[in-house]
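# Next comes the sequence, and after it the predicted model I'd like to discuss.
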Amino acid sequence: MSDKPSGIQPSGRERHFKPDELIVSKTDLKGHITYANEVFLRLSDYSEGDVLGKPHALIRHPDMPRCIFKLLWDRISSGHEIFAYVVNMASNGDHYWVYAHVTPTFDASHNVVGYHSNRRVPDPKVLSEKIIPLYAELCEIEDSVPNRKDGMNEAFAALEKKLSDMGLSYDRFVQSL
């Protein structure tokens, strides 16, 4: 996981897209962007030339828990899909929330050769009541540990415990929202 390029700070302004729009991107196995649709480019405020070949982490917002990306990468790299709420950051520091469906792309021999993500407009009530407080808690855990990897792992363990206490898998939790 990489941090934002130096110089880009969150602006506190939120961007929105229409409920009938989809943000679409594709990456290679290392997470480098191989395709981005017009909605992706418009919301992120990047040109196609700015993003192609770059790590998808280019749009990572610092308020996005690293442990959620760990979960995402663990899942898709093992050939499974995942749904997740994600806050992204545009090139000027504005942010935008998405409900992402990320899937591996397979070749004819069923080998994972890349990843595909479709993002929709998330329910604002789910964000404000469930996701934003959860992500703030996870980021606080991550930031409380000097070693970034240890912090991510502690937050991941806290997420797993929270889900276990609710008697839910991650997938069931997200689907229940």
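Structure received.
# Quick one: the strands in the chain, in order.
Assigned by DSSP state E, the chain shows strands spanning 23-27, 33-36, 82-89, 95-106, 112-120.
# residue ranges of the helices in the chain, please?
With DSSP state H as the criterion, the chain has helices at 38-44, 48-51, 66-77, 124-126, 132-143, 148-166, 170-176.
# would TSV of those with mean neighbour count be doable?
The way it works is simple: take the backbone N, C-alpha and C, and place the C-beta from them, glycine included. Shown next, in TSV, are those (neighbours: other C-beta atoms under 10 Å):
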stretch	mean neighbour count
helix 38-44	18
helix 48-51	14
helix 66-77	18
helix 124-126	12
helix 132-143	17
helix 148-166	15
helix 170-176	13
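# Nearest to S91, out of those helices?
When the helices of the chain are compared by C-beta to C-beta, helix 38-44 sits nearest S91, at 6.4 Å.
# ok, now which ones touch V98?
Contacts for V98 (C-beta atoms under 8 Å, 6 or more residues apart in numbering) come out as I23, Y85, V86, V87, N88, R119, R120, V121, P122.
# what's the answer for D50, then?
Applying C-beta under 8 Å, 6+ apart, the residues contacting D50 are S91.
# let's number from 174 now, not from 1
Right, with 174 as the first residue, what we last looked at is D223.
# what's the most buried one of the strands of the chain?
Mean neighbour count, computed with mean count of other C-beta atoms under 10 Å, is highest for strand 255-262 among the strands of the chain, reaching a mean of 21.
# Can you name the residues in contact with that strand?
For strand 255-262, contacts defined as C-beta under 8 Å, 6+ apart pick out 177, 181, 183, 216-217, 232-237, 241, 244-245, 248-249, 268-275, 292, 295, 299-300, 304, 308, 343-344, 347-348.
# Strand 196-200 and that one, what's the angle between them?
Strand 255-262 runs at 100 degrees relative to strand 196-200, counting by axes from the mean of the first three to the mean of the last three C-alpha atoms, to 10 degrees.
# Pull strand 255-262 out as CSV, backbone CA atoms only.
Once non-C-alpha atoms are left out, strand 255-262 reads as follows in CSV (Å, rounded to 0.1, in the frame of the first residue of the first chain):
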residue,chain,number,x,y,z
ILE,A,255,-15.4,-8.4,-2.9
PHE,A,256,-17.7,-5.6,-2.3
ALA,A,257,-16.4,-2.6,-0.2
TYR,A,258,-17.1,1.0,0.6
VAL,A,259,-14.1,3.1,-0.4
VAL,A,260,-13.3,6.8,-0.1
ASN,A,261,-11.0,8.1,-2.9
MET,A,262,-9.2,11.3,-3.4
